[in-house]
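Asker: here's a sequence, model it:
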Amino acid sequence: MSAPSALYKSPTADAVHNISPSSTLPALSSDPTTNDRVAYLAALQSSVKDLQAEVNTFLTQKMEEDKVIVGQIGAKVDDAKEEENYGEEIVEDD
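Answerer: Numbering: from 1, shown residues only. Prediction:
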């Protein structure tokens, strides 16, 4: 089984970012022992935590880049609202 990965696609960027943790998961036999399963799940948990940290770092960087762009056009940014809605489609009330 391959390691978990996350795909990030931005409408303002030409690239698709594939973020993968550096660790790999151990292979499981067709009839794994309890110890094999425990080792696999421990490695999976660690891999998911690593992936989450990488995604959080990446998204924080993207938010900082967005702040710079907004600052260049002179608009005020509500940080709490931006963080809450980052990556989500915003529907404005009319």
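Asker: return the distance of stretch 62-73 from the chain's centre.
Answerer: Centroid separation between stretch 62-73 and its chain, computed with C-alpha atoms, centre = their mean, to the nearest Å, is 20 Å.
Asker: no wait, stretch 36-46
Answerer: Going by C-alpha atoms, centre = their mean, where stretch 36-46 is centred and where its chain is centred differ by 21 Å.
Asker: so what touches that stretch?
Answerer: Applying C-beta atoms under 8 Å, 6 or more residues apart in numbering, the contact partners of stretch 36-46 are 4, 23, 25-26, 28-29, 32. To be clear about C-beta, it is placed using only N, CA and C from the backbone, and glycine gets the same treatment.
Asker: nearest to residue 66 among those residues?
Answerer: Taking C-beta to C-beta as the measure, residue 66 lies nearest residue 4 of these, at 25.9 Å.
Asker: and the residue nearest to the closest one when sequence neighbours are not counted, how many residues sit next to it?
Answerer: The spatial neighbour of residue 4 that comes closest, neighbours along the chain excluded (C-beta to C-beta, 6 or more residues apart in numbering), is residue 51 at 5.2 Å. When counting by other C-beta atoms under 10 Å, one arrives at 19 neighbours for residue 51.
Asker: all set now, cheers.
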